[in-house]
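Novice: Turn this into a model:
(one chain, ligands or ions: 1)
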Amino acid sequence: MSKFIFVTGGVVSSLGKGIAAASMGKLLEARGLKTTIIKCDPYLNVDPGTMSPFQHGEVYVTNDGAETDLDLGHYERFTNAQIGHDNNITTGKIYYNVITKERRGDYLGKTVQIIPHITDEIKRGIKKVSKEKDIDVTIVEIGGTVGDIESLPFLEAIRQLMWELGENYAINIHVTLLPYIKAAGEHKTKPTQHSVGRMREIGITPHILLCRTEKHMTKEQRDKISLFCNVDREAVIEAADVKHIYEVPLALKKEGLDDLILKKLNIKREDKDIKGWKNVVIKRLKNPEREVKIAVVGKYIALPDAYKSIYEALCHGGIANNAKVNVVRIDSSDLEKAKADNKFKDVCGILIPGGFGDRGIEGKIRAVQYARENNIPYFGICLGMQVATIEFARNVAKLKGANSTEFDKDSKNPIISLLEEQKEVKNLGASMRLGAYPCKVLKSTKSHTAYKKDNISERHRHRFEFNNKYKTGFRKKGMIFAGVNATQNLVEVIELKNHPWFVGCQFHPEFKSKPDKAHPLFRDFIAAAIKYCVQK
Ligand code: GLN
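Specialist: A predicted model of the protein is given here:
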């Protein structure tokens, strides 16, 4: 039976609970334990798929096609866990299930209530994941901050679970903030005392406190927190700011977090150093041999979380090439006004990520044109591939009015049009082409050089596709259809013949990249970018 770590947050949001949870997973996995994560999100959307990236940040897509919270992306990057539909529990999903059961008559005439019906559904969801996958330790992260009305049913559910499971089977790790007050020259412990007080009102006394700090905390502060919060002194862990998120597992190991968790859960495992992670990630991340500037041209540039996996995968591509990737974020709408040339003067590669809607589309097309005409390495992902084919249609194949029917329903040349299976879709939620699909890779292409495989599988999230009607004509003009889905006859990867590195893919490779195992396309894109700037 799985043991449980319930991760909660106090004082403020954005404390990095997700990174902390992923780091715990990394450390426990290193000690031979099979772990998984469940992210509980206290909003009423069934999943984040219908939310704007400005609201929610990136939507992370799993192999089985779930649209989930980006924290699950951290977990897949840090560990070997396979994440799926059931690993993201939202209030919306819970209510949806309970109301469906009520309509079916499953509750046999009972009054359906938050306690016990909603809380039972949450508990069922949590237990299901750990049981099905034969997990040693299940990490459950409760989104939001203690004190939020929304997260109360989740906290009540985990209180019950902790009570039912008992000592040594379930612990609560509370992530909190020690704000540094400059004028006083010290960290303050009061907000932490208050937030632990809130937890105790609910009936949960944290076993471990992860204290986020700007600077190191003093012995006196540790003693004070321990005494006022009923937490062992050794269990007051400092989680000081680090430069890079991939350092967090190492910093927490230094603080003895893995030993402490094992002790509290009564699990005996030999201590193991996470050498591989240390060497590859930290050495190369901290002491890169070179730097490379990559432009990311998108619509949600203002919010770093909106393209989270893209930025991480670029960083991994850098690690694989011993390079630090400096990302220049360019709002595609700006390219519609300014001359594109100024923006790209000293970049070594251009990447256009996925997206929806027509704002900034013409700017993206200009960016593609600039990359194609100036031989700058180009990597187009999903919408980034679609705009690359539109640009090619307009400026190389000279097709008038070429567009995607997403932006111009009556386009004379619909290079990108709706997938057949999408034509009947009425509800927008969870109805795109989602998750892993196979793709055949053509030999002697940049993609084949990268993957070194004829058959690959990548994750998708789109409604529109390349219109096969244009395939023959484009091929004659120098476009290579380097990847196809053979069963559905869909274009998955395009490349350009006379260009050093120009690759567009309909899928999202960024979801499968890891710091110690960069995705082959990101690795080769960065390699091409480095080469371009050296030669320039
Ligand atoms: N909007 C495009 C589509 O639905 C691209 C989607 C994406 O980039 N994720 O096909």
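Novice: Flag every residue of the stretch 151-300 of the chain that's near the ligand.
Specialist: On the criterion Cβ under 6 Å from any ligand atom, the ligand has no neighbours in the stretch 151-300 of the chain. C-beta: built from backbone N, CA, C; applies to glycine.
Novice: how about the strands of the stretch 151-300 of the chain, start to end?
Specialist: Remark: strands assigned in the stretch 151-300 of the chain by DSSP state E, counting those that start in this stretch are 170-177, 180-181, 186-187, 208-213, 236-240, 290-298.
Novice: Could I get the buried residue list for the longest one?
Specialist: So the one you mean is strand 290-298. Neighbour-count burial for strand 290-298, counted by 16 or more other Cβ atoms under 10 Å, picks out V292, K293, I294, A295, V296, V297, G298.
Novice: List phi and psi for the closest residue to the fifth one other than its chain neighbours.
Specialist: Which is V296. Nearest residue to V296 in three dimensions, chain neighbours excluded: L351, at 5.1 Å (Cβ to Cβ, 6 or more residues apart in numbering). When read as degrees, to the nearest 10, the backbone of L351 gives phi -120, psi 130.
Novice: Go ahead and confirm L351 touches V292.
Specialist: No. The criterion here is Cβ atoms under 8 Å, and L351 misses it with V292 at 11.9 Å.
Novice: Dump the strands of the stretch 151-300 of the chain into CSV; add distance to Y43 and mean pLDDT as well.
Specialist: Formatted as CSV, the strands of the stretch 151-300 of the chain follow (distance: least, Cβ to Cβ, whole Å; pLDDT from 0 to 100):
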stretch, distance to Y43, mean pLDDT
strand 170-177, 20, 97
strand 180-181, 31, 90
strand 186-187, 32, 88
strand 208-213, 23, 96
strand 236-240, 26, 93
strand 290-298, 24, 96
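Novice: for those strands, which one ends up most surrounded?
Specialist: Comparing those by mean neighbour count (mean count of other Cβ atoms under 10 Å), strand 170-177 ranks first with a mean of 25.
Novice: how far away is the residue nearest to V296 from the ligand?
Specialist: From L351 over to the ligand the distance is 13 Å, taken as Cβ to the nearest ligand atom, to the nearest Å.
Novice: what residues are up against that residue?
Specialist: Residues near L351 by Cβ atoms under 8 Å, 6 or more residues apart in numbering: I294, A295, V296, V297, I310, L314, Y378, F379, G380, I381, G384, F525.
Novice: what about the helices in the stretch 251-400 of the chain?
Specialist: Shown for the stretch 251-400 of the chain, the helices assigned by DSSP state H, counting those that start in this stretch span residues 257-264, 275-276, 284-286, 308-320, 332-337, 340-343, 361-373, 383-395.
Novice: which of those has the lowest average pLDDT?
Specialist: Sorting these by mean pLDDT places helix 340-343 lowest, at a mean of 76.
Novice: just checking, E255 touches E238?
Specialist: Yes. Assessed by Cβ under 8 Å, E255 is found in contact with E238 at 6.0 Å.
Novice: what separates N322 from L351, distance-wise?
Specialist: 20 Å (Cβ to Cβ, to the nearest Å).
Novice: quick one on the thing from earlier: now the strands of the stretch 151-300 of the chain in TSV, please, with extra columns for distance to S444.
Specialist: Below are those laid out as TSV (distance: least, Cβ to Cβ, whole Å):
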stretch	distance to S444
strand 170-177	50
strand 180-181	57
strand 186-187	59
strand 208-213	51
strand 236-240	49
strand 290-298	26
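Novice: Could you pull up the residues touching L177?
Specialist: For L177, the contact set (Cβ under 8 Å, 6+ apart) comprises G10, V11, V12, L15, P191, T192, C211, R212.
Novice: ok, Y307 touching Y60?
Specialist: No. Counting by Cβ under 8 Å, Y60 is not a contact partner of Y307; they are 11.5 Å apart.
Novice: picking that back up, quick check on the contacts of L177: which are buried?
Specialist: Buried by 16+ other Cβ under 10 Å: G10, V11, L15, T192, C211, R212, out of those.
Novice: where does the second one land in three-state SS?
Specialist: V11 carries the three-state label coil when classified by DSSP: H, G, I helix; E, B strand; the rest coil.
Novice: In terms of pLDDT, where does it sit?
Specialist: You'll see V11 listed with a pLDDT of 84.
Novice: May I have the residues that are in contact with it?
Specialist: By Cβ under 8 Å, 6+ apart, the residues touching V11 are T145, T176, L177, P179, P191, T192, H194, S195.
Novice: Tell me the spacing between it and the ligand.
Specialist: V11 sits at a distance of 35 Å from the ligand (criterion: Cβ to the nearest ligand atom).
Novice: by contact count, what packs against the lengthiest helix in the chain?
Specialist: Identified as the longest helix of the chain according to DSSP state H is helix 520-535. Here helix 520-535 touches strand 290-298, helix 308-320, strand 323-331, strand 349-352, strand 378-381, helix 446-451, strand 502-505, going by 3 or more Cβ pairs under 8 Å, 6 or more residues apart in numbering; DSSP states H and E.
Novice: what about the nearest residue to F54 once chain neighbours are set aside, how many residues close to it?
Specialist: Using Cβ to Cβ, 6+ apart and skipping the chain neighbours, the partner closest in space to F54 is L303 (5.8 Å). Look at L303: counted by other Cβ atoms under 10 Å, it has 16 neighbours.
Novice: okay, L303: pLDDT?
Specialist: The predicted local confidence for L303 is 89.
Novice: ditto for L15
Specialist: pLDDT, L15: 88.
Novice: Can you tell me how far it is from L210?
Specialist: For L15, the distance to L210 - Cβ to Cβ - is 8 Å.
Novice: Between those two, which contacts overlap?
Specialist: Residues touching both L15 and L210 (Cβ under 8 Å, 6+ apart): V175, T176.
Novice: Between all of the contacts of L177, which two are separated the most?
Specialist: V12 and C211 (12.8 Å; Cβ to Cβ).
Novice: and the closest residue to V231 other than its chain neighbours, what does it touch?
Specialist: Nearest non-adjacent residue to V231, counting by Cβ to Cβ, 6+ apart: L209, 5.3 Å away. Applying Cβ under 8 Å, 6+ apart, we find L209 in contact with I173, H174, T176, T192, V196, I225, C229, V231, A235, V236, I237.
Novice: same question, N266
Specialist: N168.
Novice: pLDDT score for it?
Specialist: Note for N266: predicted pLDDT of 97.
Novice: All good on my end, thank you.
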